[in-house]
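A.B. asks: Fold the following for me, if possible:
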Amino acid sequence: MSARHTADPEATVAAVHAVAPWLSDDNAAAPERAAIASAVRLTARTLAGLAPGASVEVRIPPFVAVQCISGPRHTRGTPPNVVETDPRTWLRLVTGLLDVDEAAKHGSLRLSGSRAGEIAAWLPLVTIGE
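C.D. replies: Presented below is the predicted three-dimensional model:
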């Protein structure tokens, strides 16, 4: 993984903690876009580093898409295994404030393909106090 795509663990934790009030409280004001983008990108890259591979594509528009989880590599067209969600849902997933099954049930997390649900085994990535 190139330096551009690696995530420093301390920077990742700091970025997530910077947006933690927004994740924990539905009434909290959204942080600045740059803070959300940083937390999303760093946590997605952390996942890709911990679960290397290219069989599942994780998309958190408009900020990042990463490939992860070992297995058959996807190279062209629409990937067969896709995880897609919004930034707040993603950050709630990676902090353990929300689980994959609950998010998928409520429609805030879209899983397509037989392997997409495997990301649940890699979450949470960062814990925050409630």
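A.B. asks: and stretch 48-62, which residues are buried?
C.D. replies: Within stretch 48-62, the residues scored as buried using 16 or more other C-beta atoms under 10 Å are 48-49, 51, 54-60. Where you see a C-beta, it was placed from the backbone N, CA and C, and this is true even at glycine.
A.B. asks: buried stuff in the strand or helix carrying residue 14?
C.D. replies: Counting by DSSP states H and E, the element that carries residue 14 is helix 9-24. By neighbour count on 16+ other C-beta under 10 Å, the buried set for helix 9-24 is 12-13, 15-16, 18-20, 22-23.
A.B. asks: what's the answer for stretch 109-129, then?
C.D. replies: Across stretch 109-129, burial judged by 16+ other C-beta under 10 Å covers 109, 111, 113, 115-119, 122-123, 125-126, 128.
A.B. asks: Show only the entries of the residues you listed found in helices.
C.D. replies: When the buried residues of stretch 109-129 are checked against helices using DSSP state H, none is located there.
A.B. asks: Now distance to residue 89 too, for those, in a markdown table please.
C.D. replies: What follows is those, written out as a markdown table (distance: C-beta to C-beta, whole Å):
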| residue | distance to residue 89 |
| --- | --- |
| 109 | 6 |
| 111 | 12 |
| 113 | 19 |
| 115 | 20 |
| 116 | 15 |
| 117 | 15 |
| 118 | 18 |
| 119 | 13 |
| 122 | 16 |
| 123 | 12 |
| 125 | 14 |
| 126 | 15 |
| 128 | 15 |
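A.B. asks: what helices or strands is the helix or strand where residue 36 lies leaning on?
C.D. replies: Using DSSP H and E, residue 36 maps to helix 33-50. In terms of contacts (3 or more C-beta pairs under 8 Å, 6 or more residues apart in numbering; DSSP states H and E), helix 33-50 is packed against helix 9-24, strand 56-60, strand 64-68, helix 87-94.
A.B. asks: Could you list every helix and strand in contact with the last one?
C.D. replies: Using 3+ C-beta pairs under 8 Å, 6+ apart as the contact criterion, the secondary-structure elements in contact with helix 87-94 are helix 9-24, helix 33-50, helix 100-105.
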